[in-house]
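Trainee: The following block contains a protein sequence and its predicted model.
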Amino acid sequence: MVSQEQRRRQLAREKFLRQQQRRTDARRKARMRNAAIASVLGVILIGSVALYTTGVVLKDDDDGKKDTAAQSTPSAPPSSSKAADPCDKPAAGKVKTQSWKKEPALTVDKSAKYTMKLATTCGDIDLALKASAAPHTVNSFDFLAGKGFFDHTKCHRLTDSGIYVLQCGDPTGQGTGGPGYTIPDENLKDKSLKANVYPAGTVAMANTGQPNSGGSQFFLVYQDSQLPPSYTPFGTVSASGMKVLKKIAAAGAAPADPTTQNTAPNATVVINKATVAKS
């Protein structure tokens with residue numbers, strides 16, 4: 001017999017899948033429209049930019065062919081009133097417009113320890129990176145941080161029901177940006193991932209729902225979250241960083257944007273500066 005909680009999760013999952021399908025259809029129509037315009041004008045666009053979903057891509061896998069995750073529906077409708085902002089104003093500066101055609105050369109030292117500091121408007125979030133288990137991912141973040149790619153970018157998505165993550169790393173702040181290249185999936189059998197749960201404190205890559213489609217967007221898990229093992233786990237959040245995440249989460253999320261379906265954090269979460277250090 002299916003329990004009430006299982007049924008609730010099933011209905012929530014089905015609702016989320018419908019939302020994902022609408023987003024996919026909208027992106028497909030936009031691509032077709034843009035292609036037609038380019039054809040008429042005879043414009044040839046050189047290069048490509050990897051597109052990312054507005055949030056972590058979650059799919060059903062009842063038949064074992066697709067990913068699975070259960071996102072619960074809120075016990076009450078989300079409030080339209082915005083919570084008090086617990087964070088400071090962003091530092092002066094603008095997001096850099098940067099793009100590269102291919103993944104940077106792999107220069108990371110797999111035997112060394114790497115840390116990443118996200119100096120945000122809400123406080124510092126320190127991350128311990130897993131260079132030996134996810135060398136391509138850590139190498140990419142070392143490269144991007146060194147280029148100032150993450151500086152002054154917003155963390156554009158907060159989920160506070162079913163899965164509990166703060167998503168960052170998009171220079172557009174809309175969930176569609178990236179560095180222009182993709183990196184391979186790594187470390188999907190990390191020992192920390194048990195029963196399709198990404199534990200609190202995990203740092204993992206977002207992707208488009210397709211294999212090896214990660215770019216620059218990543219998410220920080222502030223509470224155990226049920227997710228399929230499809231998102232490269234490449235670091236862990238420090239104890240002090242978890243306190244900052246909890247503060248951000250406590251402020252809640254805004255209602256979903258009608259266009260992007262993003263649920264932005266009520267807190268003004270901006271990465272003033274991102275740095276990677278080797279020790």
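Mentor: Noted; the coordinates are in hand. Numbering: from 1, shown residues only.

Trainee: Every contact and neighbour count from this point should use C-alpha atoms.
Mentor: Will do.

Trainee: Within the sheet, what are the partner strands of the longest strand along the chain, with directions?
Mentor: As assigned by DSSP state E, the longest strand anywhere in the chain is strand 270-278. Strand pairing for strand 270-278, determined by DSSP bridges: strand 114-120 (antiparallel), strand 153-154 (antiparallel).

Trainee: Any idea what the closest residue to residue 146 other than its chain neighbours is bridged to?
Mentor: In space, and not counting its chain neighbours, residue 146 is closest to residue 275: 6.9 Å by CA to CA, 6 or more residues apart in numbering. As for beta bridges, residue 275 partners with residue 117 under DSSP bridges.

Trainee: count of residues packed around residue 275?
Mentor: 20 (other CA atoms under 10 Å).

Trainee: Name the nearest residue to residue 236, ignoring sequence neighbours.
Mentor: Nearest to residue 236 is residue 202, by CA to CA, 6+ apart, at 4.8 Å.

Trainee: likewise residue 143?
Mentor: Closest to residue 143 by CA to CA, 6+ apart is residue 104, at 7.2 Å.

Trainee: So the one you found, which state does it fall into?
Mentor: coil (DSSP: H, G, I helix; E, B strand; the rest coil).

Trainee: Kindly report the same for residue 247.
Mentor: helix.

Trainee: Please identify the helix or strand for residue 242.
Mentor: For residue 242, the element it lies in under DSSP states H and E is helix 239-250.

Trainee: returning to that earlier point: now the strands paired with strand 270-278 as TSV including distance to residue 143 and mean pLDDT?
Mentor: Below are the strands paired with strand 270-278 laid out as TSV (distance: least, CA to CA, whole Å; pLDDT from 0 to 100):
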stretch	distance to residue 143	mean pLDDT
strand 114-120	12	98
strand 153-154	16	98
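
Trainee: Which of the ones you listed sits closest to residue 186?
Mentor: Across the strands paired with strand 270-278, residue 186 has its closest neighbour in strand 114-120 (16.6 Å, CA to CA).

Trainee: Quick check: next helix or strand after the closest one?
Mentor: Criterion used, DSSP H and E; the element after strand 114-120 is strand 123-129.

Trainee: Centre of the chain to the next helix or strand after that following strand, how far?
Mentor: Using DSSP H and E, the helix or strand that directly follows strand 123-129 along the chain is helix 135-146. Offset of helix 135-146 from its chain centre (CA atoms, centre = their mean, to the nearest Å): 16 Å.

Trainee: Do you know the pLDDT at the residue nearest to residue 236?
Mentor: Listed pLDDT for residue 202 reads 98.

Trainee: Phi and psi next, for it.
Mentor: phi -80, psi 140 (degrees, to the nearest 10).

Trainee: same check, this time on residue 204
Mentor: phi -140, psi 160.

Trainee: residue boundaries of the strands in the chain?
Mentor: So, for the chain - with DSSP E - the strands run 114-120, 123-129, 153-154, 157-161, 163-168, 197-198, 202-205, 218-223, 225-226, 233-237, 270-278.

Trainee: Make a markdown table from these and add distance to residue 87 to it.
Mentor: Converted to a markdown table, the strands of the chain look like this (distance: least, CA to CA, whole Å):
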| stretch | distance to residue 87 |
| --- | --- |
| strand 114-120 | 9 |
| strand 123-129 | 8 |
| strand 153-154 | 13 |
| strand 157-161 | 15 |
| strand 163-168 | 15 |
| strand 197-198 | 26 |
| strand 202-205 | 21 |
| strand 218-223 | 17 |
| strand 225-226 | 25 |
| strand 233-237 | 19 |
| strand 270-278 | 9 |
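
Trainee: so which of those gets nearest residue 262?
Mentor: So among the strands of the chain, strand 157-161 is nearest, using CA to CA, at 5.9 Å.

Trainee: Pull out the buried residues from stretch 103-120.
Mentor: Residues 103, 108, 110, 114-120 are the ones in stretch 103-120 that count as buried (16 or more other CA atoms under 10 Å).

Trainee: one step back: quick one: which of the strands of the chain is nearest residue 252?
Mentor: strand 157-161 (7.1 Å).

Trainee: Quick check: mean pLDDT of the closest one?
Mentor: The pLDDT scores in strand 157-161 average 96.

Trainee: Identify the neighbouring strands of it in the sheet and state each direction.
Mentor: Strand 157-161 pairs in its sheet with strand 163-168 (antiparallel), by DSSP bridges.
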